[in-house]
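Asks: predicted model, plus sequence, below.
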Amino acid sequence: MGLVMSRLAALAMVVGLSACAVGPNFKRPAPPAAPGYGSASSQTETSSAPGTAGAVQRLVAGMDVPAQWWTLFQSPKLTHLVEQAMKGNPNVDAAAAALRQAHELYSAQRTSYFPTIQGAFGAGRSQYANNAIANPTVSPTSIYSLYTAQLSLSYAPDVFGATRRSVEAAQAQAENSRFQLEATYLTLSSNVVVTVVQEAALRDQIAATERLLELQQQLTATVQGQRALGTASELDLLAQQSAEAQAAATLPPLQKQLGQTRDALTALLGRLPSDEPEETFRLQELMLPVDLPLSLPSSLVAQRPDVRAAEENMHAASAQAGVALANMLPQFAISADSGSAALSFADLFTAGTGFWDLGASLTQTLFDAGALLHKRRAADAALHQAGAQYRAAVILACQNVADTLRALLADAAALKATAEADRAAKATFDLARSQNQLGAISAVALLNAEQAYQQAQLGLIQARANRYSDTAALFQALGGGWWNRPGGSTP
């Protein structure tokens, strides 16, 4: 019996594997032929400015993106937080579970290539109506037992490739989940870096604002003294008190933003607000990467996880179109049974108790009111939709790179101008301090000069933070270097 079933299974597989697969054969879309990103990529070097984050950044064509690009900021604390986020963020766990699910579904779909063999055993106790029908057994009484053991084989030969297209679609969906996981890692690491930069900028802005408030308080005390001496009017005092209140009002929003930024960073690490990280950051602790990669659009489409996910989505839609077409064609099936039936358990598999049957069938839908036709048209429309979504993903990827390149150039120019304004304000403050020591100007003039310098510092802090944030945005726009991870696998 086992030999018969194994031969039938082998024959069924030969029939299935020798068939063809209808429907479109998927081909990867041709990469963009554009040589660059328009005017955004015409300049390969940014301007420079003195001080932190003022270095010249060079865009190196063809330079590969490192897998751990965040280490280029040369902050061990930042690197540690990114690693903690990748281990603890629940979105990573969800994406990883989705990938495992997709792989298991793909493995389950692959089993459709093979016949299904089931074993069954049945035992029954019966009584027949001996006055109405003849004895169906050789039992001397109307009550008898029947034991049956059998193997059943069923197989649907993949004559037109519906099974192969279904497996192809499942594999593409598994690949889609893999790139979705890579996109989750990329977004998470970028968010951690940008949040750290935001925290560092807010801490520097708070320090400068607190100093501005101290200066306003000193000015208020000075004007109050002048009012007492009669050298300042009540209007002068009220105006200065209003300026102090306005300066004080700018501090709580910055403190609120810092607290919310810390909460956001804690959430990225997969923790509750009560378990925020010990690490804190200031801008001067971060180094600006000076050599930046610049991938061509033809390479970008292979690097961006969202583009690759869209490509696999189109691959799955192409395979489903083949499945819909195959379902309109004749369906084949093979079945076989082999076993033994006896009136006593001890007589099973003895001579004369064996049975077997073998069958094959072909079915063709003759009328279904157009259901299969509409399903095929729906599959074709889904393929067209997936193709449009892929093109949109490519356009968005190139736009992201172009926008980031423009931002990097503009940030460098803005920092240069802001640094010049800061330099002039610092020079004015130093001169005012020297003149005040000589008695040439009043203390109020000195405080006003330092206040202008602190205002310039606030603009400089934001300009520096923009360069760090947009540098991280470039690495994200280029795909994050996941393909350079050891083994090319997800963490």
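Replies: Arrived safely. Note that the structure is predicted; figures quoted are calculated from it, not measured. Residues are numbered from 1 along each chain as shown.

Asks: where in the stretch 101-250 of the chain is pLDDT low?
Replies: When residues are selected by pLDDT under 70, those of the stretch 101-250 of the chain lie in 132, 134-139.

Asks: let's see it at 90
Replies: For the stretch 101-250 of the chain, the stretches with pLDDT under 90 are 126-146, 211-216, 218-220, 222-244, 246-247, 250.

Asks: what are the ranges of the helices in it?
Replies: In the stretch 101-250 of the chain, the helices defined using DSSP state H, counting those that start in this stretch lie at 162-229, 234-249.

Asks: tabulate the ones you listed (a markdown table), appending mean neighbour count and distance to W356.
Replies: Heads up, the C-betas are built off the backbone N, CA and C, glycines and all. What follows is these, written out as a markdown table (neighbours: other Cβ atoms under 10 Å; distance: least, Cβ to Cβ, whole Å):
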| stretch | mean neighbour count | distance to W356 |
| --- | --- | --- |
| helix 162-229 | 20 | 27 |
| helix 234-249 | 14 | 92 |
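
Asks: not counting its neighbours along the chain, what's nearest E279?
Replies: Spatial nearest neighbour of E279, excluding adjacent residues (Cβ to Cβ, 6 or more residues apart in numbering): K77 at 4.4 Å.

Asks: where does the one you found fall, secondary structure wise?
Replies: In the assignment (DSSP states H and E), K77 maps to helix 76-88.

Asks: okay, the angle between that helix and helix 162-229?
Replies: Between helix 76-88 and helix 162-229, the angle comes out at 140 degrees (axes from the mean of the first three to the mean of the last three Cα atoms, to 10 degrees).

Asks: which residues touch helix 76-88?
Replies: 68, 70-71, 92, 185, 188-189, 192-193, 196, 265, 268-271, 277, 279, 281, 285-286, 491 (Cβ atoms under 8 Å, 6 or more residues apart in numbering).

Asks: so which of those are in strands?
Replies: Using DSSP state E, no member of the contacts of helix 76-88 sits in strands.

Asks: from the residues you listed, list the buried ones, please.
Replies: Neighbour-count burial (16 or more other Cβ atoms under 10 Å) applied to the contacts of helix 76-88 gives 70, 92, 185, 188-189, 192-193, 196, 265, 268-271, 277, 281, 285-286.

Asks: nearest to T52, of the helices of the stretch 101-250 of the chain?
Replies: Proximity to T52 (Cβ to Cβ) singles out helix 162-229 among the helices of the stretch 101-250 of the chain, at 9.8 Å.

Asks: and that closest one, what does it pack against?
Replies: Applying 3 or more Cβ pairs under 8 Å, 6 or more residues apart in numbering; DSSP states H and E, one finds that helix 162-229 makes contact with helix 76-88, helix 90-110, helix 234-249, helix 251-268, helix 305-326, helix 443-477.

Asks: name the helix or strand for L300, please.
Replies: Taking DSSP H and E as the criterion, L300 maps to helix 297-303.

Asks: output that helix in CSV with nothing but the alpha carbons.
Replies: The C-alpha trace of helix 297-303 is given here as CSV (Å, rounded to 0.1, in the frame of the first residue of the first chain):
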residue,chain,number,x,y,z
PRO,A,297,18.9,57.8,-8.6
SER,A,298,19.7,54.5,-10.3
SER,A,299,21.3,53.3,-7.1
LEU,A,300,18.8,55.0,-4.8
VAL,A,301,15.9,52.8,-5.9
ALA,A,302,17.9,49.8,-4.7
GLN,A,303,18.8,51.4,-1.4
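
Asks: burial check on K426, number of neighbours?
Replies: Counted with other Cβ atoms under 10 Å, the neighbours of K426 add up to 16.

Asks: ok, and the closest non-adjacent residue to T363?
Replies: Q331 (4.9 Å).

Asks: L105 too?
Replies: Leaving out its chain neighbours, the residue that sits closest to L105 by Cβ to Cβ, 6+ apart is A170, at 5.7 Å.

Asks: look up how far A319 lies from the one you found.
Replies: Distance from A170 to A319, counting by Cβ to Cβ, to the nearest Å: 8 Å.

Asks: do the same with P273
Replies: 46 Å.

Asks: so F332 sits in a strand?
Replies: Yes. Applying DSSP: H, G, I helix; E, B strand; the rest coil, one finds F332 inside a strand.

Asks: contacting residues for T52?
Replies: Contacts for T52 (Cβ under 8 Å, 6+ apart) come out as 283-284, 288, 464.

Asks: weed out the non-buried ones from these.
Replies: Taking 16+ other Cβ under 10 Å as the criterion, what is buried in those is 283, 288, 464.

Asks: next up, the contacts around K256.
Replies: Here K256 is in contact with no residue (Cβ under 8 Å, 6+ apart).

Asks: I misspoke; the intended subject was L329.
Replies: So L329 contacts 22, 159-160, 364 (Cβ under 8 Å, 6+ apart).

Asks: now, the residues you listed that are in strands?
Replies: Per DSSP E, the contacts of L329 never map to strands.

Asks: just the buried members of those residues?
Replies: Buried members of those, counted by 16+ other Cβ under 10 Å: 22, 159-160.
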